[in-house]
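1. model this:
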Amino acid sequence: SGADGFFVVAADKTLPGYVADVSDHRPVLVRLSLNGALEAAAAKEPAGEADELAELKERLSGVFEKGRRKKHKPSANGSGGGASAGGLGGRTGYAADFLGGGEHRVPLPALPAALAADAAVVNKGASGTDRFALHYTHFTVVQNAKRRLPFYSAVNIDGTQLRRVARENTWFLDPRIPDAAQVGNEAYKNNDLDRGHMTRRLDPVWGSPAAAEAANADTFCYTNSCPQHKNLNQKEWNDLEDYVLDSAGAHGLRVSVFTGPVLRPDDQMYRGIVRLPKEFWKVVVIVKEDTGELSATGYLLSQRDMIEGFEAGFAGFGPFRTYQVAVRELAGLTGLDFGNLPAFDPKDGGG
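-> Take a look at the predicted model:
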């Protein structure tokens, strides 16, 4: 509507439901069109502060509602029958050869026998990790049925084809595995826990418009989430996600990323539903432009202090604050087999 159709609001106020309805990440700048509402408001008699605030909130609510899809209300078990819930067939998921063939091939982390015994079986006719692979658009999840949380989520990011798609926010359970193997909405009601995406919502959102839309919706499957305290999810974890995705986009990189929780047997049980992980990890893999070799970088972030006492030319990725750790260390913490990636870890003398 042109520059005259916009104005700036600066107020020390909150918008109820912002995280659930608009974004689970912190806003930096909001620019809204009120479509002539400013002129209409100027013609009215002056109102008191309370009336002005009520009117402003009503206008903002209308703008947000028009700018996103209708909010989905999950059922009691957290299943929404979302857009993806009934149509996940044919997904190909994470591609091991996304960065290339031969020595550039990066397969899914393997589960040793002790972990495989707890994994949700998806394809009984398959072998190895393929037996447990839940494929979505451009990413794959391997689910721990015992803990009801992912062992990890693996995504391919094409920094040359990234798209911006409106937030879906329609969470659903995956019908390909039992509901009892997943944590739904019941763990997130009336608390400070966020549904923390393991594969970030925007990471697989690339390619054709249809593929980007499908990927966006698929990331809201509960198998791709873990309980993260809001102070981790919306701050340090978000900053790490921004670092990875922004680097991929800025340098036109192809990136493969593995993300998951550190699942310990002594993690605190919450509401009799789920044990809360204390730490979360990422492994970011690229092909370095200067050498043509793989580079694998590991990161580990903790929410231990946040949940204690809780209601029951790109040369490669580098340090992110103080959170970079060796991929070999992550293998020890998680029990996962990352194949030859430790050999390409700059922190371990490789890459």
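
2. From now on I want contacts and neighbour counts done on CA atoms only, so please keep to that.
-> Noted.

3. For Val262, give me its contacts.
-> 277-281, 333-334 (CA atoms under 8 Å, 6 or more residues apart in numbering).

4. ok, which stretches of the chain are helices?
-> Using DSSP state H, the helices of the chain run over 18-21, 37-42, 49-67, 113-116, 209-218, 230-231, 237-251, 304-307, 327-334.

5. What residues sit buried inside stretch 182-196?
-> 182-185, 187, 193-196 (16 or more other CA atoms under 10 Å).

6. Closest one of the contacts of Val262 to Ser127?
-> Closest approach to Ser127 among the contacts of Val262 (CA to CA): Thr334, at 21.2 Å.

7. and the buried residues of stretch 182-196 as TSV, adding distance to Ala116?
-> Putting the buried residues of stretch 182-196 into TSV (distance: CA to CA, whole Å) gives the following:
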residue	distance to Ala116
Gln182	16
Val183	19
Gly184	23
Asn185	26
Ala187	25
Leu193	28
Asp194	27
Arg195	25
Gly196	24
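
8. Out of those, list just those in strands.
-> Using DSSP state E, the subset of the buried residues of stretch 182-196 located in strands is 193-196.

9. Pipe these into a markdown table and attach pLDDT and distance to Gln268 per row.
-> Output for those, formatted as a markdown table (pLDDT from 0 to 100; distance: CA to CA, whole Å):
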| residue | pLDDT | distance to Gln268 |
| --- | --- | --- |
| Leu193 | 90 | 14 |
| Asp194 | 89 | 17 |
| Arg195 | 92 | 17 |
| Gly196 | 92 | 17 |
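
10. now, which of the residues you listed sits nearest Ala212?
-> Gly196 (20.0 Å).

11. close enough to count as contact, the closest one and Gln228?
-> Yes: counting by CA atoms under 8 Å, Gly196 touches Gln228, with 5.3 Å between them.

12. How are the strands of the stretch 101-250 of the chain distributed by residue range?
-> 133-135, 139-144, 149-158, 193-197, 225-229 (DSSP state E, counting those that start in this stretch).

13. what about Glu279, how many neighbours?
-> By other CA atoms under 10 Å, 17 other residues sit near Glu279.

14. beta partners of it?
-> For Glu279, the beta-bridge partners are Val262, Ser302 (DSSP bridges).

15. Could you check how far it is from Phe139?
-> Distance of Glu279 to Phe139, given as CA to CA, to the nearest Å: 22 Å.
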